[in-house]
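Q: pasting the sequence and the predicted model now:
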Amino acid sequence: MDMKNAYHRMLPYVLVCLLTTVCLQLNAESELPDTLDLSQHARSALDALTGTVDDRGEFIVFFQLEPPSFVRDGFSFASSGPKYMESLAMMSVMTDTDLKTSPGRKIIDYLLSCLGEDGLFYAKIGPDRPWDKSSPEDWANMYGQARMLRSMLAMYQLDPDPAWIARMGKLVSTLKSIAIRKTDPATGEVYAYYPTTPGYGDIFSYPKSGWKTTEMLTSAQATMADKPDHTFGIPLYLGGMIEPLTRYAKMFNDPGALELAGQLVRLVLKKEMAWVPDGHAPGVVPEQNGQFRGHFHAHTMCLRGILEYGIATGDTRLKNFARAGYEYARTFGIPRIGWFQEYTGKFSHETCGLANMVALAIKLSESGVGDYWDDVDCYARNHLTQARFNDLDRLKALNKDPLTDEQMQLLKRVVGCFGGWGTPTSLESRIMNCCTANGSQALYYVWDSIVREEQGTVWVNLLLNRFSPWVDIESTLPYQGEVVLHVKKAKRLCVRIPHWVDKGALKLTAGGSQLAHLWAGNCLVLADVRPETTVKITFPMHESIEGYSVDSYEFRGTKYLGRHTYTIRFRGNTAVRIEPASIRGYATYARACSFGGKVPRVAVLGFVPSKRIDW
């Protein structure tokens with residue numbers, strides 16, 4: 001692709017982004033209800049991202065909390081390292097952080113130094129990285145290329161430097177050239193894949209000197225990370241490439257990239273590649289309904305790619321497949337709080353999988369394939385923000401023995417990290433920082449989707465605190481059922497009301513006077529609003545006590561280990577209390593109050609972001 005022409009094609013897009021988002025209209029202290037504020041969560045996530053890298057900027061995947069220590073891992077950096085750059089870009093938007101002067105800059109610079117002349121992102125073999133002995137030469141994991149492309153798409157939207165276009169164009173060009181393509185004898189359609197070369201890094205990785213085999217090996221091996229079958233490797237490492245290729249193709253009008261994404265879709269849709277569940281109801285065809293077994297994050301990432309490609313091409317079948325797969329995935333855990341199994345049947349949660357569920361719920365809803373805004377609200381108010389290591393005192397309390405200064409510094413570095421493993425009520429005392437990257441991105445997904453504007457109509461999708469160019473939102477939930485909207489620039493308002501709200505008891509006022517309004521499903525529609533209007537929506541809070549159970553099976557086995565049952569008290573969609581509480585590990589849902597009584601208020605630095613990253 002001609003980089004100069006691509007840059008010129010993108011100039012209108014860049015100018016629209018700059019002109020339609022007002023640069024920091026508010027950069028002064030404001031007072032808000034002290035309720036869930038995702039921008040504050042983003043600040044601690046940003047600290048965690050910059051704190052969990054080495055001096056050069058390479059991310060460290062595993063931290064142990066009792067006693068504090070860390071473990072280097074070459075495989076994880078090759079597949080997940082670039083996630084940190086995408087996360088930094090998103091957190092910078094949420095927190096008004098300049099990455100050029102931030103500690104995160106060294107992470108970006110180091111990742112860019114790992115790009116080869118062919119544009120691929122390589123894990124380097126040599127004395128500077130002695131912990132990676134997986135290959136005799138530099139190697140490029142295919143999922144790592146997907147995450148690098150996603151990261152550069154995000155960075156380009158922050159900084160429309162032509163160098164980003166050149167880097168992305170070179171990477172995508174090489175991905176096109178090294179893909180192995182075959183024709184399916186049954187359908188006559190072309191599908192694509194990337195092979196695995198044993199002894200050269202992780203599965204589905206490209207040796208710098210070129211492929212040593214062109215066959216895709218699918219034999220079961222000893223560990224999950226070495227198993228390129230439908231339970232992990234294919235849906236994640238190959239299926240995970242579809243979404244960024246599709247987005248790149250749309251942004252830069254690259255039909256070759258879209259063609260490659262489609263060929264990968266044809267691969268991963270094959271039954272044996274991903275869609276073989278542990279049994280199914282009579283009459284159900286699993287491979288037509290996104291049903292699976294194995295690694296939850298892998299399959300939901302694959303669903304994200306299928307959905308993105310389906311939206312881009314207008315393929316109704318693929319959009320329906322993604323919706324069916326999402327609804328099936330919801331059954332693995334407790335969706336009411338966003339706790340999902342790391343692996344089907346395993347009694348453990350992984351934030352990476354939750355992040356995909358957040359993304360799927362938003363994309364399915366915004367594309368009109370379904371309405372899952374209540375799911376998003378449940379995920380954000382609960383496990384996305386509660387399954388985090390945000391309290392240094394509780395981190396210290398995990399350790400019975402006195403901590404050395406070095407150990408104390410390690411604990412400080414992980415404050416703000418997301419849980420890698422855990423039950424509904426506790427996190428294991430070890431951290432897997434791929435989850436910190438994906439969890440922080442999920443914060444952005446939710447925050448970004450709280451409010452949208454299109455041709456004068458402003459959509460308030462979630463009743464959460466948020467500043468925007470069009471309307472500022474103050475939410476007292478879950479203390480009280482009151483939301484105040486300060487209208488700045490809107491002709492119409494569409495406010496999505498959670499399904500638990502009694503519509504008959506809802507009141508809508510402006511300046512003390514009742515406002516005329518319409519209902520469109522769960523959306524409250526105000527057809528004629530004026531700037532500087534303050535709209536107040538009030539309704540009774542709903543409390544409920546609900547019971548949920550999760551069955552536990554031997555990891556990647558069939559032995560039944562028992563059932564775990566929880567009683568959860570909710571105010572609206574917020575889990576106020578979960579019983580039985582944790583007796584070990586780092587407790588989740590350690591909320592400071594039960595959200596009754598007077599609503600506390602807090603001073604915050606309110607600002608309207610100058611950029612938006614389309615994800």
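A: Now that the structure is in, tell me what you want to look at. Every value quoted in this text rests on a predicted model; they were computed, and no experiment measured them.
Q: in contact with His295, which residues?
A: By C-beta atoms under 8 Å, 6 or more residues apart in numbering, His295 lies in contact with 224, 231-232, 235-236, 342-343. Placement of C-beta: from N, CA and C, glycine included.
Q: which PyMOL command selects the buried ones in those residues?
A: Buried residues among the contacts of His295 (16 or more other C-beta atoms under 10 Å), as a PyMOL selection:
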select buried, resi 224+231+232+235+236+342+343
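Q: want to throw the contacts of His295 into a markdown table with pLDDT and secondary structure?
A: As requested, the contacts of His295 are exported to a markdown table (pLDDT from 0 to 100; DSSP: H, G, I helix; E, B strand; the rest coil):
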| residue | pLDDT | secondary structure |
| --- | --- | --- |
| Met224 | 38 | helix |
| Thr231 | 82 | coil |
| Phe232 | 85 | coil |
| Pro235 | 94 | helix |
| Leu236 | 95 | helix |
| Glu342 | 95 | coil |
| Tyr343 | 94 | strand |
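Q: just flag the most distant two among the contacts of His295.
A: Maximum pairwise distance among the contacts of His295 (C-beta to C-beta): 14.4 Å, between Pro235 and Glu342.
Q: show me where pLDDT drops low in the chain?
A: Applying pLDDT under 70 to the chain flags residues 1-28, 217-230.
Q: run the last query once more with 80
A: Low-confidence segments of the chain (pLDDT under 80): 1-29, 216-230, 556-557, 592-594, 596.
Q: ok, now which residue in it is the farthest from the centroid?
A: When each C-alpha in the chain is compared with the mean C-alpha position (C-alpha atoms, centre = their mean), Ser513 comes out farthest, at 41.0 Å.
Q: got phi/psi on it?
A: Ser513 adopts backbone torsions of phi -100, psi 140, taken as degrees, to the nearest 10.
Q: which stretches in the stretch 351-500 of the chain count as helices?
A: Secondary structure of the stretch 351-500 of the chain (DSSP state H, counting those that start in this stretch): helices located at 351-366, 373-381, 383-386, 392-397, 405-414, 434-449.
Q: in JSON lines, list the contacts of His295 along with distance to Lys507.
A: Converted to JSON lines, the contacts of His295 look like this (distance: C-beta to C-beta, whole Å):
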{"residue": "Met224", "distance to Lys507": "53"}
{"residue": "Thr231", "distance to Lys507": "51"}
{"residue": "Phe232", "distance to Lys507": "51"}
{"residue": "Pro235", "distance to Lys507": "48"}
{"residue": "Leu236", "distance to Lys507": "48"}
{"residue": "Glu342", "distance to Lys507": "44"}
{"residue": "Tyr343", "distance to Lys507": "47"}
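Q: leaving out chain neighbours, which residue sits closest to Leu526?
A: Distances taken as C-beta to C-beta, 6 or more residues apart in numbering place Leu493 nearest to Leu526, at 4.2 Å, with adjacent residues excluded.
Q: sorry, wrong one. I was asking about Gln341.
A: Going by C-beta to C-beta, 6+ apart, Gln341 has Phe332 as its nearest residue, at 4.6 Å.
Q: I'd say that neighbour and Thr344 touch.
A: Yes. Counting by C-beta atoms under 8 Å, Thr344 is a contact partner of Phe332 at 5.7 Å.
Q: overlap in contacts, these two.
A: Joint contacts of Phe332 and Thr344 (C-beta under 8 Å, 6+ apart) are Phe296.
Q: which residues does the closest residue to Asp98 other than its chain neighbours contact?
A: In space, not counting the residues next to it along the chain, Asp98 is nearest to Ser92; the distance is 7.3 Å by C-beta to C-beta, 6+ apart. Contact analysis of Ser92 by C-beta under 8 Å, 6+ apart lists 46, 98-99, 102, 104, 158.
Q: and for Lys598?
A: With C-beta under 8 Å, 6+ apart, Lys598 has these contacts: Tyr479.
Q: distance to Val484 and mean neighbour count added to the helices of the stretch 351-500 of the chain, as CSV?
A: Output for the helices of the stretch 351-500 of the chain, formatted as CSV (distance: least, C-beta to C-beta, whole Å; neighbours: other C-beta atoms under 10 Å):
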stretch, distance to Val484, mean neighbour count
helix 351-366, 24, 26
helix 373-381, 18, 24
helix 383-386, 22, 25
helix 392-397, 34, 14
helix 405-414, 36, 16
helix 434-449, 19, 26
